[in-house]
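Novice: No sequence on hand, only this structure:
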């Protein structure tokens with residue numbers, strides 16, 4: 001009679017043997033490339049859907065990304081001045097549509113806190129409150145922080161925004177939980193987006209056009225029968241633009257704000273909406289003809 005302990009040992013050995021046999025016949029992926037191929041095969045065999053495969057691939061890509069690679073760079077950050085009138089801050093909130101804003105005092109690099117847009121409503125009920133009392137403490141992270149660790153930190157601390165600093169301690173940019181999640185699921189639509197936003201150029205009822213900031217220069221040029229290019233005086237070896245948003249930002253010398261406009265080839269590009277420090281939509285129409293002075 002075999003002792004009970006021997007039976008357990010035999011069962012464990014038999015199980016590991018079958019496991020080894022299965023692994024020998026169907027070896028698992030040994031590299032990321034093989035894993036990606038396995039996910040592609042799983043989609044082809046209808047084991048997982050296309051969206052699931054894209055999300056899983058996004059998780060793998062995110063593991064290699066850092067905050068510095070995904071952040072909104074400092075020049076593109078929408079900031080609120082601590083000493084600005086409340087009306088100016090409210091206009092900034094309305095124009096940009098963000099829910100959180102870094103707040104600076106004095107110099108732009110002197111960020112003293114994070115302001116939630118909804119907290120500004122408290123000033124409507126209690127005008128005697130100082131905006132400083134509404135600030136949340138800022139969270140600072142290095143550019144090298146991995147997105148996996150950052151997402152875990154966001155979840156544990158319930159913060160949705162972090163300020164990114166470079167190796168010299170200077171503000172390099174900011175990153176939100178939305179920026180991290182978009183690496184997995186793709187662009188997250190917000191309240192400014194709608195189904196009709198699929199595309200890049202739309203004719204409007206008032207005989208104007210709405211043009212996506214991501215539309216290519218070639219596409220915009222063909223649509224309006226014109227040629228868009230950098231002038232010889234502005235051209236340099238590294239001057240190259242693929243999108244109308246990048247082209248106009250360069251021509252204006254700064255990231256355009258909502259309501260600003262730029263004219264070229266008898267067309268006026270008016271900024272309708274910005275997001276993440278870049279133009280999302282332009283309104284385009286012919287430059288109004290000035291009536292002759294009688």
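Specialist: Ah, there it is. Just so it is clear, the structure is predicted and the values come from calculations on it, not from any experiment. Numbering: from 1, shown residues only.
Novice: Let me know how buried residue 66 is, in neighbour terms.
Specialist: 18 (other CB atoms under 10 Å). (Each C-beta comes from the backbone N, C-alpha and C, glycine too.)
Novice: ok, so what distance separates it from residue 155?
Specialist: Note on residue 66: its distance to residue 155, by CB to CB, to the nearest Å, is 18 Å.
Novice: And for residue 169?
Specialist: Distance from residue 169 to residue 155, by CB to CB: 26 Å.
Novice: what's the answer for residue 69, then?
Specialist: 20 Å.
Novice: Could you state which residue of this protein sits nearest its centroid?
Specialist: By CA atoms, centre = their mean, the chain has its centre lying nearest to residue 179, at 4.8 Å.
Novice: Tell me, what's the model's pLDDT at the residue lying closest to it once chain neighbours are set aside?
Specialist: Spatial nearest neighbour of residue 179, chain neighbours left out: residue 70 (5.3 Å); criterion: CB to CB, 6 or more residues apart in numbering. Residue 70 is assigned 85 on the pLDDT scale.
Novice: What of the one 3 residues further on?
Specialist: The pLDDT attached to residue 73 in the predicted structure is 86.
Novice: Run through the bridge partners of it.
Specialist: Beta bridges link residue 73 to residue 173, judged by DSSP bridges.
Novice: That one reaches residue 171, doesn't it?
Specialist: No: with contact defined as CB atoms under 8 Å, residue 73 does not reach residue 171; the gap is 9.9 Å.
Novice: show me the contacts for the closest residue to residue 59 other than its chain neighbours.
Specialist: Nearest in space to residue 59, with sequence neighbours left out and distances taken as CB to CB, 6+ apart, is residue 184 at 5.7 Å. Under the criterion of CB atoms under 8 Å, 6 or more residues apart in numbering, the neighbours of residue 184 are 55, 58, 59, 62.
Novice: Okay then, goodbye and thanks.
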